[in-house]
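S.K.: Compute the structure for the input listed below.
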Amino acid sequence: MSKINEQIDQFPVAEDTKFMLKELVSRKRKTDGLKSRRNGLTLLNGTLIIVLMFWLIKAASSASSGNVFSLIGYLGSSSASVIFILLAVSLFAYSGSLSKEYKKQKQKYEDLRAETLLKLTASWKSREDSKLRDEITKLLKDQMDINLRFYS
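M.R.: Next comes the predicted model:
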């Protein structure tokens, strides 16, 4: 069990609130993991585009006849070039899929964050209990960068 989950367990709140906070932390971790994978793939795709552009320029200069079909024949003549092009296309397709998954996970995280914010706002009085809410909010913000103070 992680440190943040142990700290959440120590709060004197209802079990459903603890479960909601733990799920929020879990979704934040998953969203952050997808974001870092997406950023890595973006960097890799950019590198592939640069390599592919240089390769096409080299192929166009070596096939100086100006015929597009001879350029396509040149690219298809080597099995390494075909594998490289297939790898690039596959990587672009995977990047698109990962981006959609990230957006979906981010929306799920944001929805739960808003629900948690409503629950914590609605169920707390501005007396002694507000100190506990402030402590929970500060803990999640400091350790996981989860904002429970406001929506936007």
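
S.K.: How far off centre is the strand or helix carrying Lys103?
M.R.: Lys103 belongs to helix 79-122 when assigned by DSSP states H and E. The chain centroid and the centroid of helix 79-122 are separated by 6 Å, computed with Cα atoms, centre = their mean, to the nearest Å.

S.K.: could you point out which element follows that helix?
M.R.: Once the chain leaves helix 79-122, the following helix or strand, as judged by DSSP H and E, is helix 128-144.

S.K.: Let me see the residues that make contact with that following helix.
M.R.: 3-4, 7-8, 11-13, 21, 24-25, 28-29, 120, 124, 146-149 (Cβ atoms under 8 Å, 6 or more residues apart in numbering). Glycine gets a C-beta too; all of them are placed from N, C-alpha and C.

S.K.: Any buried residues in stretch 14-34, and which?
M.R.: Residues Thr17, Lys18, Met20, Leu21, Lys22, Leu24, Val25, Arg27, Lys28, Lys30, Thr31, Leu34 are the ones in stretch 14-34 that count as buried (16 or more other Cβ atoms under 10 Å).

S.K.: on that earlier part again, the helix holding Lys103 versus helix 128-144: what angle between them?
M.R.: Counting by axes from the mean of the first three to the mean of the last three Cα atoms, to 10 degrees, helix 79-122 lies at 170 degrees to helix 128-144.

S.K.: what helices or strands is helix 79-122 leaning on?
M.R.: helix 15-62, helix 68-76, helix 128-144 (3 or more Cβ pairs under 8 Å, 6 or more residues apart in numbering; DSSP states H and E).

S.K.: What's the end-to-end length of stretch 119-138?
M.R.: Using Cα to Cα, to the nearest Å, the end-to-end distance of stretch 119-138 comes to 16 Å.

S.K.: Grab the most central residue of this structure for me.
M.R.: Residue closest to the average C-alpha location in the chain (Cα atoms, centre = their mean): Lys35, at 2.1 Å.

S.K.: Grab the nearest non-local neighbour of that residue.
M.R.: Spatially, and ignoring its direct neighbours in sequence, Lys35 is nearest to Tyr102 (6.2 Å; Cβ to Cβ, 6 or more residues apart in numbering).

S.K.: What degree of burial does the one you found show, as a neighbour count?
M.R.: 19 (other Cβ atoms under 10 Å).

S.K.: who's in contact with it?
M.R.: Contacts of Tyr102 (Cβ under 8 Å, 6+ apart): Thr31, Leu34, Lys35, Arg38.
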